[in-house]
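Enquirer: Quick one, fold the following:
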Amino acid sequence: MEMDKSTEAVETFSKKYNCAQSVLSVFSEELNISKSDCFKIATPFGSGVAFRQEMCGAVTGALMAIGLKYGMDEYGNTDQKSFTYDLTTHFITEFRKKHGTICCKDLLDGIDMSTPEGYAKVRELNLFRTHCSEYVRSAVLISEKILLHK
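Expert: Numbers count the residues shown, from 1 in each chain. The predicted structure follows:
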């Protein structure tokens, strides 16, 4: 039996992959891009962009998927761009409704993970499992409605 995308993303996240990689990669087939390329593209965006804790990596992974499916390409027009922006706004609104913010640091209870002490605290409190796994799951579930019309 095939596992659902949100479970697959959380399982991927529990391995060596970051939140952005975990979200983007589960849509690889629908986006006609290899999982390996998804992992590479999304690498910089984990932990709110390389531990800067800005926009949540699960959110950026989802937005990359939306862009790959609907974004304006070299032959596109501004209607495509506007449509993609509308979908992006919808995604962010839904994620904020569920979690209150899209800011990684705020989602991790304000802990600054860019410092060794902060990172150790996030690990000690097991926030990657207790918090981030839920953000990964939510990002996939919201994205599925947009990408797969569920």
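Enquirer: hey, let's count contacts and neighbours off CA atoms from now on
Expert: Noted.
Enquirer: as a whole number, average confidence for the strand or helix carrying Glu8?
Expert: Glu8 belongs to helix 5-13 when assigned by DSSP states H and E. Mean per-residue pLDDT for helix 5-13: 98.
Enquirer: Quick one: residues contacting Ala9.
Expert: If you count contacts by C-alpha atoms under 8 Å, 6 or more residues apart in numbering, Ala9 has them with Ser22, Val23, Ser25, Val26, Val136, Arg137, Val140.
Enquirer: From Tyr75, how far off is it?
Expert: With the distance defined as C-alpha to C-alpha, to the nearest Å, Ala9 ends up 32 Å from Tyr75.
Enquirer: low-scoring pLDDT stretches of the protein, where are they?
Expert: Along the chain, segments meeting pLDDT under 70 span 1-2, 150.
Enquirer: Identify the farthest-apart pair in the contacts of Ala9.
Expert: Spatial extent of these (C-alpha to C-alpha) is set by the pair Ser25 and Arg137 at 12.8 Å.
Enquirer: Can I get the helix holding Glu8 in CSV? Just the C-alpha atoms.
Expert: Taking C-alpha atoms only, helix 5-13 is exported to CSV below (Å, rounded to 0.1, in the frame of the first residue of the first chain):
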residue,chain,number,x,y,z
LYS,A,5,2.3,12.2,0.8
SER,A,6,2.1,13.9,4.3
THR,A,7,3.3,10.6,6.0
GLU,A,8,6.0,10.2,3.3
ALA,A,9,7.2,13.8,3.9
VAL,A,10,7.4,13.3,7.7
GLU,A,11,9.2,10.0,7.2
THR,A,12,11.7,11.8,4.8
PHE,A,13,12.1,14.6,7.4
